[in-house]
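>>> Mind looking at a prediction? Sequence and model below.
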Amino acid sequence: MKTPAPETFEGQILALLPSLRRYSRSLTRSDADGEDLLQDCVEKILTRRGQWRGLNLRGWVLTIMTNLYRNGRRGRTRDGLVELDAAEDMAAPEPPADPLERARLNDALNSLSEEHRAVLMLVVIEGYTYGEVAAALDIPIGTVMSRLSRARRRVAEQLKADNIITLRRPK
Amino acid sequence: MNDANPIVTEADLHAYADGQLPESARARVEAFLADNPDEAAAIAGWQAQNGAIRSLFADYERARDTDPLLVTPPHTVSPRTKRWAVAAAALLVFALGAVSGHYGPALLEKPALQLAGSDTLPKQAETAFMVYAAEVRHPVEVFADEEAHLAAWLGKRLAIENLKIPTLQPLGFKLVGGRLLPVDGRPGAMFMYENQAGERLTVMVGRNTENRTTSFRFASSGNLETFYWIDGELGYAVTGEISRETLRAVAEECYRQFPS
């Protein structure tokens, strides 16, 4: 497999792929969807490379990925893959939190709309300022704030302990 | 909001939680939080949520062996492949078998493959693999001892002149046989291979009705990996429960051997 030289456009994209993979996965509902979004995004930026103005490649790519996600992803979720898959080729350097809590957080995030999720992930995963989010999504900053607020409240709501329903076997 | 701190907004609270509050506003917000334990608790909750979300996706920030494939597009056209592409366009060569695989020594140097989102192909390939590769006695309709018949029969059903069944022996995979199966509602072909360890992989070929071409892509579902691409009139998918590296080598080999 040919590896592009680091200074080329392809080489710069290649260097960004790990963090792009994290961001695309944070937007989507399964590993497969995350990889699909990543692939679609990379194909798009390679065909649109002429439109890049030579500054902040990462920001440009994140905007394209976010817009792909917002515009085209609805209803494209692969069936049967809504759980957080344990990708077999991934080690786990992070301290493994309670798997149940992780699954519940995953479910809570999956309950968000694309618009809310994109705002939340740009802030939390990518560390965007609110102003950067507004610019990337082309929405007013007030909208950013209201979406962020709603996303957080919704996730918190879903995670509330009393939402756990204990199943009992009938006697 | 507390009367004593009338100018603390919810936006300030989020900014505080996210570390985005300007230094000048910090004292004002902290004074407000000291008086408003509910808001302080909400902020602590958001910060815990931030940490949990980051932790949930942290493991995904890693490179994969196949990453160079993602960014090595057909757009970097070498003079040789450019000539090929020009010739192909001039002759309107979409017909199979008209140009042998000679020109494309490596997968990625073949010309002019473009984006498409044909999602049905890998899905169908996965399903076919799951159904047939598990079959011990009847994995295929025609076994490898009748290879010539198999090629002629499936070639006829798919309307492919001179269909050649790829040889994967150098990669350690022997042909088991093949079968006819529907791909996008039309006749398609599936070939099954097996290595010494009994690991199987399938190569599926279907008619591409969408009149477009894609670059080489992969999809995974559980342990199942599929590499697929659309080349002119045909779509191909290579599926197996084997390492992605091996599967990629198989896909490249098939790409080379199938007429384009």
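Great, that's in hand. Since the model is a prediction, treat every value here as computed from it, not as a measurement.
>>> Which parts of chain A belong to which domain?
Per automatic domain parsing, the structural domains of chain A span A:1-78, A:95-166.
>>> Between these, which one is closest to B:K164.
domain A:1-78 (25.0 Å; CB to CB). Just so you know, the C-beta spots here come from the backbone N, C-alpha and C atoms, and that holds for glycine as well.
>>> So the closest one, near chain B or not?
Yes - counting by CB under 8 Å from any CB of the partner chain, chain B has neighbours in domain A:1-78: A:1-4, A:10-11, A:13-14, A:17-19, A:21-22, A:25-26, A:31-32, A:34-36, A:38-40, A:42-44, A:46-47, A:76, A:78.
>>> now do stretch A:133-151
Yes - for stretch A:133-151 and chain B, the contact criterion (CB under 8 Å from any CB) is met by A:145, A:148-149.
>>> any chance of the residues you listed in TSV, plus neighbour count?
Output for those, formatted as TSV (neighbours: other CB atoms under 10 Å in any protein chain shown):
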residue	neighbour count
A:M145	19
A:L148	25
A:S149	17
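>>> residue nearest the centroid of chain B?
Central residue of chain B (CA atoms, centre = their mean): B:F218, 1.8 Å from the mean position.
>>> was I right about that one contacting B:F227?
Yes - using CB atoms under 8 Å, B:F218 is in contact with B:F227, at 4.9 Å.
>>> Give me the buried subset of the residues of domain A:1-78 next to chain B.
Buried members of the residues of domain A:1-78 next to chain B, scored by 16 or more other CB atoms under 10 Å in any protein chain shown, are A:4, A:10, A:13-14, A:17, A:19, A:21-22, A:25-26, A:31-32, A:34-36, A:38-40, A:42-44, A:46, A:78.
>>> Could you list which of the residues of stretch A:133-151 next to chain B belong to helices?
A:145, A:148-149 (DSSP state H).
>>> now the residues of stretch A:133-151 next to chain B in JSON lines, with pLDDT?
Converted to JSON lines, these look like this (pLDDT from 0 to 100):
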{"residue": "A:M145", "pLDDT": "96"}
{"residue": "A:L148", "pLDDT": "97"}
{"residue": "A:S149", "pLDDT": "96"}
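>>> Which one of these is nearest to A:Q51?
Among the residues of stretch A:133-151 next to chain B, and counting by CB to CB, the member closest to A:Q51 is A:L148, at 28.6 Å.
>>> contacting residues for that closest one?
A:119-120, A:123, A:130, B:14 (CB atoms under 8 Å, 6 or more residues apart in numbering or on different chains).
>>> from those, which two are the most distant?
A:L120 and A:Y130 (11.9 Å).
>>> Could you check which of those two is surrounded by more residues?
A:L120 (25 against 20; other CB atoms under 10 Å in any protein chain shown).
>>> can you give me the strands in chain B?
B:142-143, B:174-183, B:186-194, B:200-207, B:217-221, B:224-231, B:234-240 (DSSP state E).
>>> hey, which of these is tucked in deepest?
strand B:234-240 (a mean of 27; mean count of other CB atoms under 10 Å in any protein chain shown).
>>> packing partners for that strand?
Secondary-structure packing of strand B:234-240 (3 or more CB pairs under 8 Å, 6 or more residues apart in numbering or on different chains; DSSP states H and E): helix B:120-132, strand B:200-207, strand B:224-231, helix B:244-257.
>>> ok now the longest one, how far from the chain's centre?
The one in question is helix B:244-257. Offset of helix B:244-257 from its chain centre (CA atoms, centre = their mean, to the nearest Å): 13 Å.
>>> With that, I have no additional questions.
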